[in-house]
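Enquirer: could you look at this predicted model? Sequence included:
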Amino acid sequence: MPLHPQRVDFDRLKENILGAARTLLQPGSRMLPAQWHGIFQDVYAVCIAKPENLAPALHDAMQVFFAEHVDSLYQELAKEPSGSTSVLSKYRAMFEVFQKGSSYLDVAFGYYNTSIIKLSEEVAEQDQLSVLLQIALQAWRERLVVPLSQSLRMAMFAELERDRAAAGSVSLWDLRAVLSSFVALDKPLSTEFELLKRHFFTEFLERTKTFFAGESAAEIARGSVSTYLAYAERRTTEELQRILKLVPPALEGPLRECLYATLVHEHIPVILREFPFLLERQVTVDLCRVHRLLQNRSDRLPLVACFQSHVEARGFMSFPPAEDTVTPELLVAAVSDAFVYGRGVCMEVFTGDVAYADAVGRACRVVLNSARLGPNASATAADLLARFCDNVLRKGTDNLDRLFSIFVFLEDKDIFQRVYCRLLARRLVHALYAALETEEASIERLQRECGCEYTSKMKRMFLDVSLSDRLNAEFVEHQRTQGLRELPARFLVLQTGVWPFGSTATGAEAPLPPSFSEATALFKDYYETRFKGRKLLWLNHIATVDLRALLAGRTYELSCTLGQYALLNLFQDTDEMATEALSRHIDLPPAELDKIVSSLVAARIVLVNADRSSVSINTRYAGKRRRVKLMTVLTKETTGAIQQVRVEAEDDRSLYLQAAIVRVMKMRKELSVDDLQQEVVAQCKRFVPNIPQLKRCIEILIEKDYLKRSELDKKMLQYSA
């Protein structure tokens, strides 16, 4: 084979090439190696011929050849009955031979393809390696598929209807081959599938919508919603499995939309009416079907709202009647049970869908913050959660996980913080905690949820307790080195502004016993000598006394307040005293004395007669524990204290909102009232501010000249500080 350009007999070479092409395009044809090598030589000779390149002439000849060959195939196919399945089988056989032969020819015409690309600027880059194959496929597409389109579509849809009626038992090999040819006939690397959509898929979607519209209407009319859900899911799965075997996966989206619109969307009102009953009866199978059918659809939003209402109702069912008061344990149990139930349904039925998970959170937030706490209840949900935590930390039970699982839903976290700090202070001062490790773990969880600032005072309380223990040890050592008598006293040095204790008692205070006065004086001298410039303010109203008592032949260790100690100390030599005598010895107002007596009566340490004229020691006292903490009765939160916490929280909220408003306006300089309110609400993490409160804070800042209203638009605010 000559490798340099030379003159050639084009007509002879063309006939050789076309003869080989006819052989390759015949069914069952075979070509000898010498003939195959001859095609390569002839094509190369034409492409390097001189005095001019004859590749364009060969290009025109091949176009004519493929057009005539495809026309002959079309004439043969046109003889078949229109819409019959034989059209599909014959088309399949013809295209397999044509595609195989054209691919072989394209390989033999490799140099020809390169020559055409060099000579023509119209050939796209994606067609560079298959010019001849594209000529063949274009001829097939334009001269066979387009004129035969109607017959092919009728045959394909008839085949699909037969398969639907036979529940997928019909062989669809011919149909799959036809649709695969439509994909192959599109331009290489094309993902639009224009030919497939134009000659099959678009009309298929319309026919599918019509078919299932009638079938689904009949199905839902004669059966229950439960039966229809099973039908819709089954039909959706069958149709997807059937069609995705025939068309590329990229067309799955439009098909799903078509099936959803026909089988589900059109019947949403019926499903919505039945959904609450499915939740009530906990029909998991049908609920799962509903979720699978509406997954990630906007139509599921009413179902999400219905599920939220269902979880709310589940939580409120656990509360007692309106005339009863809700206890901390009952509140935590109700919200926790609702949360566990909602989360369980969300994971089991709705596969952790974010929309349903958020609905569980919103429902628990409503149950927790809108709970009916009783007709005369002065406490809020924040108070009850703090008390529940106090009870758990005193008893050492493992219920903190239940509390912190619902703490995230609490809106008034600032009130919880204040109440928790008050209760924590009493546990630390009076040693009412079960374990310091549990206390610290609780604070760590609060810090993870609300940040370091939220728990800063709590941690400083623990620091004071640890420093006080060290200081007491050093004070005892100092007493020994000075040769002084060791005093049975322990002192707590608390930082001002950290602990929620007032400088004085709320009522009259019992006098300090002489032995205690000596101990406080010695410690004061030691402390002021060691720490220059520091001043001690004694909080005797929160002091505790540990004493041993012999009751009914058994020794008990009683931990009590100074007032309780003063009263019990009077019974060293007698078992009964008149109330008037008690008043003279203790020097307390009758109301305060009565409170102390009531606390000891509640603990069954002392007894009173019917008219409360005398008090006597309970000589038959039989407690289960040897160590009894009597001060717990007096350290319970009163209604006045709870109201005070709420008032202080409201004052702090006002300052917090004002600071947030100034922060936003300092950055924005000018902002509308509505936008300002939205940004401030987004910044509030510890509580949910209300709009009237925000408006009051804005007016306060305007009066303080931090803000001013725009002269052009009164709804716009400007930063003026």
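Expert: Looks like it came in fine. Numbers count the residues shown, from 1 in each chain.

Enquirer: please make it C-alpha for all contacts and neighbour counts, starting now.
Expert: Fine.

Enquirer: contact partners for Glu252?
Expert: 240, 244 (CA atoms under 8 Å, 6 or more residues apart in numbering).

Enquirer: neighbours of Met317, how many?
Expert: 12 (other CA atoms under 10 Å).

Enquirer: just Glu15 next, same as before
Expert: 12.

Enquirer: so where's the stretch 551-700 of the chain uncertain?
Expert: 632-642 (pLDDT under 70).

Enquirer: one more: the chain?
Expert: Judged by pLDDT under 70, the stretches of the chain that qualify are 1-5, 115-130, 187-191, 322-324, 371-378, 502-511, 632-642.

Enquirer: ok, longest helix in it?
Expert: Longest helix in the chain, counting residues (DSSP state H): helix 639-668.

Enquirer: can you name the next helix or strand after it?
Expert: strand 670-672 (DSSP states H and E).

Enquirer: direction included, what does that following strand pair against?
Expert: Strand pairing for strand 670-672, determined by DSSP bridges: strand 716-719 (antiparallel).

Enquirer: what segments of this protein are strands?
Expert: Using DSSP state E, the strands of the chain run over 544-551, 554-561, 576-578, 606-608, 614-617, 627-629, 670-672, 707-709, 716-719.

Enquirer: now render those strands as TSV, adding distance to Pro500 and mean neighbour count.
Expert: Formatted as TSV, the strands of the chain follow (distance: least, CA to CA, whole Å; neighbours: other CA atoms under 10 Å):
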stretch	distance to Pro500	mean neighbour count
strand 544-551	17	15
strand 554-561	18	18
strand 576-578	37	15
strand 606-608	31	20
strand 614-617	34	19
strand 627-629	21	17
strand 670-672	39	17
strand 707-709	35	20
strand 716-719	37	20
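
Enquirer: of all these, which lies closest to Gly214?
Expert: strand 670-672 (54.0 Å; CA to CA).

Enquirer: gap between the closest one and the chain center?
Expert: 33 Å (CA atoms, centre = their mean, to the nearest Å).

Enquirer: kindly report the same for stretch 37-44.
Expert: The answer for stretch 37-44 is 68 Å, by CA atoms, centre = their mean.

Enquirer: please apply the same query to stretch 90-98.
Expert: Counting by CA atoms, centre = their mean, stretch 90-98 comes out at 55 Å from the chain centroid.

Enquirer: tally of neighbours for Asp174?
Expert: So Asp174, with other CA under 10 Å, has 20 neighbours.

Enquirer: ok, it - contacts?
Expert: 88-89, 92.

Enquirer: now a ChimeraX select for only the buried ones of these.
Expert: A single ChimeraX command selects the buried members of these (16 or more other CA atoms under 10 Å):
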select :88,92
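
Enquirer: narrow the contacts of Asp174 to those in helices?
Expert: 88-89, 92.

Enquirer: now render the residues you listed as TSV, adding distance to Phe193.
Expert: Shown next, in TSV, are these (distance: CA to CA, whole Å):
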residue	distance to Phe193
Leu88	20
Ser89	22
Arg92	19
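
Enquirer: now the helices for the stretch 251-400 of the chain?
Expert: 252-263, 268-281, 284-294, 301-317, 328-348, 354-369, 381-395, 400-407 (DSSP state H, counting those that start in this stretch).

Enquirer: swap in the stretch 501-650 of the chain?
Expert: Going by DSSP H, counting those that start in this stretch, the stretch 501-650 of the chain shows helices at 514-530, 562-569, 579-586, 590-602, 639-668.

Enquirer: just the CA trace of stretch 670-679, in CSV.
Expert: Taking Å, rounded to 0.1, in the frame of the first residue of the first chain, the C-alpha atoms of stretch 670-679 are listed here in CSV:
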residue,chain,number,x,y,z
GLU,A,670,-30.5,52.4,60.3
LEU,A,671,-33.1,49.7,60.4
SER,A,672,-36.9,49.3,60.4
VAL,A,673,-38.7,48.4,63.6
ASP,A,674,-39.8,45.0,62.2
ASP,A,675,-36.4,44.0,61.0
LEU,A,676,-34.9,45.2,64.3
GLN,A,677,-37.3,43.1,66.3
GLN,A,678,-36.6,40.0,64.2
GLU,A,679,-32.8,40.3,64.7
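
Enquirer: list the buried ones in it?
Expert: 670-671, 673, 676-677.
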